[in-house]
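In: Dropping the sequence and predicted coords here.
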Amino acid sequence: MNITLKLFATLSVHLPPEARRSHQAAVEVQAGATVLGVIEAFRVPPALCTLVLVNGTYVAPEALAGKVLAEGDVLAIWPPVGGG
């Protein structure tokens with residue numbers, strides 16, 4: 001099945017090179033894939049996944065392994081941000 005994976009800020013290096021500038025890519029994942037499975041498949045360090053949204057809805061860290069994705073879902077992930 002196909003989903004859209006959006007990785008922002010420093011996480012974009014885990015996208016295919018041609019997708020890094022736009023911070024998103026249409027990717028194919030297995031049916032029944034979970035959010036954590038996609039994070040692992042793209043070698044995104046789970047500790048850097050501070051804000052995770054599926055179709056704009058927050059997914060808590062403890063729910064990543066159990067959140068099953070569906071065809072057409074948009075998975076967006078942000079790393080920690082800082083500033084002063």
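Out: Looks like it came in fine. Residues are numbered from 1 along each chain as shown.
In: Over to the closest residue in space to Gln24 that isn't next to it in sequence: give its phi and psi.
Out: Nearest residue to Gln24, sequence neighbours excluded (C-beta to C-beta, 6 or more residues apart in numbering): Lys6, at 4.3 Å. (Glycine included, C-beta is placed from N, CA and C.) Lys6 adopts backbone torsions of phi -120, psi 120, taken as degrees, to the nearest 10.
In: can you pull up the bridge partners for Lys6?
Out: For Lys6, the beta-bridge partners are Gln24, Ala76 (DSSP bridges).
In: quick one: contacts for it?
Out: Residues near Lys6 by C-beta atoms under 8 Å, 6 or more residues apart in numbering: His23, Gln24, Val74, Leu75, Ala76, Ile77.
In: Neighbour count added to those residues, as CSV?
Out: CSV is the format used below for the contacts of Lys6 (neighbours: other C-beta atoms under 10 Å):
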residue, neighbour count
His23, 15
Gln24, 18
Val74, 14
Leu75, 24
Ala76, 18
Ile77, 27
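In: hang on, the earlier thing: separation between the residue nearest to Gln24 and Val44?
Out: 12 Å (C-beta to C-beta, to the nearest Å).
In: Are we agreed that Leu53 is in a strand?
Out: Yes - membership of Leu53 in a strand is supported by DSSP: H, G, I helix; E, B strand; the rest coil.
In: Ala76 is in contact with that one, correct?
Out: Yes - between Leu53 and Ala76 there is a contact at 4.6 Å, judged by C-beta atoms under 8 Å.
In: hang on, the earlier thing: list residues touching both of Lys6 and Val44?
Out: Common neighbours of Lys6 and Val44 (C-beta under 8 Å, 6+ apart) are Ile77.
In: for the chain, what spans make up the helices?
Out: Counting by DSSP state H, one finds helices in the chain at the ranges 35-41.
In: Which residue ranges of it form strands?
Out: 2-7, 24-28, 51-54, 57-58, 74-78 (DSSP state E).
In: mind checking which of those strands is nearest Leu36?
Out: Closest to Leu36 of those is strand 51-54 (C-beta to C-beta; 9.5 Å).
In: Extract the CA atoms of the closest one and return them as CSV.
Out: Written as CSV, here are the backbone C-alpha positions of strand 51-54 (Å, rounded to 0.1, in the frame of the first residue of the first chain):
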residue,chain,number,x,y,z
LEU,A,51,6.0,14.8,17.3
VAL,A,52,4.3,12.1,15.2
LEU,A,53,1.0,12.7,13.3
VAL,A,54,-1.1,10.4,11.2
